[in-house]
Structures are given as structure tokens and as C-alpha cells.
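Colleague: structure, please.
(2 chains)
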Amino acid sequence: MDFILIILASGVATGTVLLYATLGETFSERSGVLNLGVEGMMLVGAMTAYKISAATSNPWIGLLVAMLAAGAVSQVHAFISITLQADQVVSGLALNFLATGISLVLGEGLTSLRDVVPTLPSFTIPVLSQLPWLGKVFFQNQSVMVYIGYVFVPLAWYYINRTRPGMHLRAVGEYPAAADSLGIGVFSMRYFYVFVGGLMAGLAGATISLSISPGWFGALTTAGQGWIAVGLVIFAQWNPPRAAVGAYIFGALRRLVLDIQGPALLLGFANPFFYNPYYGFFLKMLPYAFTVAVLVIGSREANRKRIGTPAALGLPYIRGQRGL
Amino acid sequence: MTNVESTKSAAGFKLPFKINVEPRVEDPPRWYSPVLSIVAVIVALLIGALVIRLGGGDPWKAYAHIARYSFGSIGVLSDTLVKAIPLMLVGLACSLAFRMKLWNIGAEGQFFLGAFGASLIVLLPVLPENAPKWLFVIVMALSGMLFGALWGFIPGLLKAKFNVNEIISTLMMNYIAVEWNNYFIYAVWSEGGFQMSRMFQRNAWLPRLSDYAEEFPVLRGLTTHMGLLFAVVAAIILWLILTKSRWGYEIRLIGDNPRAAQYAGISISKNVVFVMLVSGALAGLAGMAEISGVVHRLQGAISPGYGYTGIIIAWLAKLNPLAVVLVSILFGALILAGREVQPTGIPTLIQGVIMVSLIASDYFLRNRITITRRVEA
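Modeller: Below you'll find the model as predicted:
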């Protein structure tokens, strides 16, 4: 039982990375801008956080600069897809290449800095950690970033669904022409929420390199988590609480894949992954295969309920043009 | 046509001139698009230089190095072509899918599976060890294409049946493909505990130019292999399909206007599956050519991201199969000579900047921009 609780607890920690990236992309897509550059922006965030933290010996400054750096990079996509009205898919892919390249060039030599870079603190929440099961999974010796994640989810939900700016955000993503006619600045809103997506992707990257698995390992630092986050947004139907569930499940799955090879006995049976470590390669496929499976479920559900996708997602807004 | 005034007059100051942006009504002249692309690449290289500078490198040294070690002599030119071969094939794979606005980002995974499929013939083994070379080449190419096509087929089917976003599914398939190959490299075909298979026997190698050095001494040491022929033939066939055939017309129509295609009775889901099959087969052939023509064994590091570079190549070539061949040679140079450039991320960075710059330049293709002197009212 302890084994399961440990996996769940570290799954929550790993899932926090996906959570931030998914929430950020949710904001961006709710405003109608698909940003496929999440993976690259996360890399920029992870690299910057690590580099600045090493230079200043203060991980919080690293975190802040990482967010701003990823936010700045996101504006390339904003400019190309919003102002220049280019295809958002292509522009997002381009941003991904660009951001990955930037992080690899500026991250040169950072790998060797292991163990000297200060990381973000972990601690136990006094009363809540005494809860049966839940306390151990959610509140015991977790990174500060994990706790911040818990606060973000309800806030994001409330902001999108219950506040005036949140309503404007949805309007811009659903029917920009109508929003425009009411005096809501479609272009500035979209720029802003792409920036928010960038900030959050930077936060996700910084969470990796300063807390969850400290260090800089080039493109392996994120290992496709940015893409998984883009997939999770679809599964979550652009809804923060669902995004949180998805992110934590995925986090647990990622941990399970790593940890299941440890014990020789698994639930009383001989553990095949312990005796033949090569099966680990198939285990490593699981999160990616699971992403595809989750997409199938998500799109089937979306088809049935006819909800979810912001209507103007992926379409550039051109003032005075007919249609959305 | 409305003139969009994009000067900052609202902010309280006035520029002495006015920039008018209006959508193009008629197509620009034929020379305009390629020239614009070249300008975009030049701008990208300048931006790249700036970033290299900021990263502490010497941009001119880096560029001079890339130029010298990719086009400097016949020998390195031949090596550049070797690098360009897989790029041509994956570039074609991407062009075909992108022409239908089907975002196959999975050429990398299809490349790996193609390499796997080709290796299977030698390592399983499917053919006896002393089978003739021509038979090996044909069977390996077919097997590589088959496995690549299979890897493309899965996301294609999911897209057609369940409307699963192909961008994510093809990308996820890339990661799965790498682990799939790793399993066989580490566990099944590992040679002496190393993470690679045994070297293929000579008759499973694609013929190289240097094989004919006996008759033509000029060819001594030239590594360009038969994959080049595959790529050029594939480019011509693909160009014919896209421009002259009914199927090509359907693909282009779906890409430009899916609703019109549907009204015309064209089955979109059937085409999605077909295009993913062919696209995957092309990328798989790239994997086969690389394995059989260059690496001669199955191992982990067989691709410095060919599949992803293929995306940029397709875009730079404006999805024209014949242009893909030329553009691939430039990127082959970048990858070949970029290997020794420090810091290591520079080729990726330059590719990224080129792509961003290209997409931005499309704005000038879609809009006419004129600058006129402001007339004071």
C-alpha cells in the first residue's frame, strides 16, 4: 500500500508540471489561439530558471525570469498568428523549433552544474498531512510548486467562468466579431492570453528544472511533456478542474513507469519488469500511448456532447471579414 | 478594398508617411514568392548570427565553417548529399500531408520504423545472408516503406474514425517509435552488449558511388548512395501525382477547401488514411535509405531530428516536391557541417529562425504593402 501511496504522491509532483502547462494552454486556446509551442516554451523556462538560479543563487528569481522569458518567446507566436494572420499550426510549430533552439544554445554547459544550483523548497503542510491517504499523497513533503498548483486550479476555473474578464476571454474565443463590436479588444486580449500561456509554460519548465527533477538535460528535460499538455487540453475540454485530474493521472502514470521496475515483488507476484529490465522500453511508451487513448476518449465525448472546443480556435481574426 | 492604416496616429504622433496594407487581389508575379523566401532565409541567418553572438559564439566563424565543410570540395559535397537524402524523403512525406492540411508531425517516428523494417530483413533474418544485392535492396525498401506506412496509418485511422487530432497523435507515435527501436537495439539484436545491432553484410548495403571507383577513379571515396535516386524519383512521381492526377486534385481541393471537396463527393476520411499511408511510407523509405546506405546497422542515434527538419523543408519548398529536393541539400549542409559548430544547439536554432522568418514573410505574399507620403489634411 505504501508503494502505491508513494507513487501517487510523486505522481502529483510530476503532474504539477503538466498542470501548469495545460492551464496555460487552456487560457491561450480559450482566447482562440492554438499554441503548439508549449514544449519549446517549457524548455526555455527550464533552461532560464536553471541558469538564473545558478547565477543568482536564488531559485525564486530564476522562476520569475523563466516565466518572463517563456512569455516573451510566446509573443513571437502571438505576432505571427494574430497580427500577421498566419496559420496557427505552422506558426506554433515554428515557435517550437525556435524556442528549442534558443534553450539548447543558451543552455550549453548547464548540465555540468548539477548539485550546485539551489532548488525550490519542499515542506509538509501541518494539519492536512494528517488526513488518511490524502494527506500522504497531497500534503506530505511536496514541493512548494505543487501547493501553488492546488491554488491555481480553482482560481483559473473561477476566473474563466465567473468573472467579467473571463467572460470576455470566452467571448473572444467563441465569437470574436461579436466581442469586437462590443468594444472588447480582440487583438490585445489574444496577445495577453498567449502571453499568459507563455508565462505558465515557463512556470512548468521552471518547476521541472528547479524542483521536480532538478537539472538541465537539453531537450530531454521536458521529454514531450509540452505535447502531452496540448493533448490534455483537448481531453480536459478547456476546463481547469478536468485539466488537473488529467495532469495528476498522467503524472502518476509517468512515475509508475519509472518506479514499477524497482521492487522484485509486485502485489505478491514476481515483477516481470524487475527481472527483465528491457521491458522498461515498453513501459516508457505508456504515457505517450495513453495520450493517444485519451485523445480518442476526449474527441468521442466532445462529438457526443457537442461542447468544448472554442468556436474560433485556430482562426485568425480579421476585422471586417464575414464569418467568425 | 479597405486601406488599413497601421501608423500610430491614434497614439498622438504622426509618421511622415503612411503604410497601406491591402489583401492581394491578383496573384503576385512568379518570381515574387521564391525571392521572398530567399530574403526570409537571409533575414533568418542575420537573426541567427545575433543570437549566436549573444550566446557567446562567433557567428561568422560558424557560418564560414558550415559553408566550407558542406560545399567546399567534391568530397564534402557528396557527404552533404548523403545528409540530404533522408531529408528529401521526409520533406516529401511532409509536403504531401501538409498539402491536404493534414499535419503529419510524425515523420521522425515513421523514419525510425522504416529503419526497423529494413533491419528486420537482415537481422531476423527474412532473406538468407547470401541473397543477391538487388533482392536485398528491393525487399528492404519495401519493408521500410511498409513499416513507415503502418506508423502513419495508425494516426490516420484515428483521425478518420474518431477525429483524433493528428498533430498530437503523430507526435506521440514518434516517442513510441524511439522506445520500440530501443527495445530491439538493447534487448534483441544487441551486439556484445553494445546498444547497436551487428553490422549488415555487404550485400545489404545500398550501392555507393565509391563502389564504382574501379571503373571511374573520380568516384573514389564518394559516399553518395542509391537513396538519392529513390528520393529524386519519388519527388518526380509525387509532383506528377499532385499536379496531374485526379487523386492529387482531390488532395489539393481538400487542403484548400474541405467543404467544397465534401460537396464534390470526395471522401475526406478515405483520403486522410491514404495520404497518411503514403506519407508514412516515404518517411519509412528515408529510414531504410539511411540504415542501408549510411549506418549499415540498427542503432539508437540514426536521426538528428530528420523528421522535424522535414517539416521546415516542406514549408520552405512551398510544398512543391521538386523544390523539396533543392531545399533539402541546403539543410543537409546545415546538419552535416553544423555538427561540429559550438554551441551544439545552433543548427536547431537556425532552423527555427528560418521557419519563423518564412511564415512571417508569407504576410507579404498575401498582402500588398505600399508606403505613401502622408498628405496633411
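Colleague: report the buried residues of the host helix or strand of residue A:97.
Modeller: Element membership for residue A:97 (DSSP states H and E) is helix A:88-106. By neighbour count on 16 or more other Cβ atoms under 10 Å in any protein chain shown, the buried set for helix A:88-106 is A:88-106. Just so you know, the C-beta spots here come from the backbone N, C-alpha and C atoms, and that holds for glycine as well.
Colleague: now do stretch A:300-307
Modeller: For stretch A:300-307, a neighbour-count test (16+ other Cβ under 10 Å) marks residue A:302 as buried.
Colleague: that stretch and chain B, any residue contact?
Modeller: Yes - Stretch A:300-307 lies within reach of chain B by Cβ under 8 Å from any Cβ of the partner chain, at A:300, A:303.
Colleague: check what contacts that stretch and list those residues.
Modeller: The contact list for stretch A:300-307, computed with Cβ atoms under 8 Å, 6 or more residues apart in numbering or on different chains, reads A:234, A:237, A:308, A:309, B:162, B:163.
Colleague: please tell me how far the nearest residue to residue B:258 once chain neighbours are set aside sits from residue B:101.
Modeller: Leaving out its chain neighbours, the residue that sits closest to residue B:258 by Cβ to Cβ, 6 or more residues apart in numbering or on different chains is residue B:268, at 6.1 Å. As judged by Cβ to Cβ, to the nearest Å, residue B:268 and residue B:101 stand 11 Å apart.
Colleague: name the residues contacting each of the two.
Modeller: B:254, B:258.
Colleague: those two: who's more crowded?
Modeller: Between residue B:268 and residue B:101, residue B:268 has the larger neighbour count (other Cβ atoms under 10 Å in any protein chain shown), namely 17 against 13.
Colleague: what residues are up against residue A:94?
Modeller: If you count contacts by Cβ under 8 Å, 6+ apart, residue A:94 has them with A:37, A:77, A:80, B:352, B:355, B:356, B:358, B:359.
Colleague: pLDDT score assigned to it?
Modeller: For residue A:94, the model assigns a pLDDT of 91.
Colleague: for the nearest residue to it once chain neighbours are set aside, grab the count of nearby residues.
Modeller: Counting by Cβ to Cβ, 6+ apart, residue A:94 lies nearest to residue B:355, which is 4.0 Å off, once chain neighbours are set aside. Residues lying near residue B:355 (other Cβ under 10 Å) number 27.
Colleague: quick one, what contacts residue B:355?
Modeller: Residues in contact with residue B:355 (Cβ under 8 Å, 6+ apart) are A:93, A:94, A:97, A:98, B:311, B:312, B:315, B:316.
Colleague: repeat that for 10 Å
Modeller: Contacts for residue B:355 (Cβ atoms under 10 Å, 6 or more residues apart in numbering or on different chains) come out as A:90-91, A:93-98, A:101, B:40, B:44, B:309, B:311-313, B:315-316.
Colleague: point out where the stretch 251-377 of chain B drops to low pLDDT.
Modeller: Along the stretch 251-377 of chain B, the parts satisfying pLDDT under 70 run over B:342-343, B:375-377.
Colleague: residue numbers of it in contact with chain A?
Modeller: Taking Cβ under 10 Å from any Cβ of the partner chain as the criterion, the stretch 251-377 of chain B approaches chain A at residues B:305, B:308-309, B:311-312, B:315, B:342-364, B:366-367.
Colleague: hmm, back to that, host element of the residue nearest to residue A:94?
Modeller: Secondary structure from DSSP H and E places residue B:355 in helix B:346-366.
Colleague: ok now that helix, how far from the chain's centre?
Modeller: Mean C-alpha position of helix B:346-366 versus that of the full chain (Cα atoms, centre = their mean, to the nearest Å) differs by 15 Å.
Colleague: tell me the angle that helix makes with helix A:88-106.
Modeller: 150 degrees (axes from the mean of the first three to the mean of the last three Cα atoms, to 10 degrees).
Colleague: the next helix or strand after helix B:346-366 to helix B:346-366, inter-axis angle?
Modeller: The first helix or strand that comes after helix B:346-366 along the chain, using DSSP H and E, is strand B:367-373. Put simply, strand B:367-373 runs at 70 degrees to helix B:346-366, going by the same axes, to 10 degrees.
Colleague: elements contacting strand B:367-373?
Modeller: On a contact count with 3 or more Cβ pairs under 10 Å, 6 or more residues apart in numbering or on different chains; DSSP states H and E, strand B:367-373 meets strand B:17-23.
Colleague: the strand it packs on pairs with which strands, parallel or anti?
Modeller: strand B:4-5 (antiparallel), strand B:367-373 (antiparallel) (DSSP bridges).
Colleague: out of these, which gets nearest to residue A:284?
Modeller: strand B:367-373 (46.6 Å; Cβ to Cβ).
Colleague: can you give me the helices for the stretch 1-150 of chain B?
Modeller: Along the stretch 1-150 of chain B, the segments classed as helices by DSSP state H, counting those that start in this stretch run B:32-54, B:59-71, B:74-99, B:107-123, B:133-162.
Colleague: so which of these is the most surrounded?
Modeller: The highest mean neighbour count among the helices of the stretch 1-150 of chain B, using mean count of other Cβ atoms under 10 Å in any protein chain shown, belongs to helix B:107-123: a mean of 30.
Colleague: what does the lowest-mean-pLDDT helix or strand in chain A rub up against?
Modeller: Taking mean pLDDT, DSSP states H and E as the measure, chain A has strand A:265-266 as its least confident helix or strand, at a mean of 71. Strand A:265-266 is contacted from outside by A:3, A:260, A:271, A:272, A:273, A:274, using Cβ under 10 Å, 6+ apart.
Colleague: ok, how many other residues are close to the last one?
Modeller: When counting by other Cβ under 10 Å, one arrives at 16 neighbours for residue A:274.
Colleague: for the residue nearest to it when sequence neighbours are not counted, what are phi and psi?
Modeller: Spatial nearest neighbour of residue A:274, excluding adjacent residues (Cβ to Cβ, 6+ apart): residue A:264 at 4.9 Å. Here is the backbone geometry of residue A:264 (degrees, to the nearest 10): phi -80, psi -30.
Colleague: show me what contacts residue A:264?
Modeller: Shown in contact with residue A:264 (Cβ under 10 Å, 6+ apart): A:270, A:271, A:274, A:275.
Colleague: burial count for the last one?
Modeller: The criterion is other Cβ under 10 Å. On that basis, residue A:275 has 10 neighbouring residues.
Colleague: name the nearest residue to it, ignoring sequence neighbours.
Modeller: Excluding its sequence neighbours, the residue lying closest to residue A:275 (Cβ to Cβ, 6+ apart) is residue A:264, at 7.8 Å.
Colleague: stretch A:106-119 near chain B at all?
Modeller: Yes - counting by Cβ under 10 Å from any Cβ, chain B has neighbours in stretch A:106-119: A:106, A:107, A:108, A:109.
Colleague: out of those, which is nearest to chain B?
Modeller: residue A:108 (3.5 Å; Cβ to the nearest Cβ).
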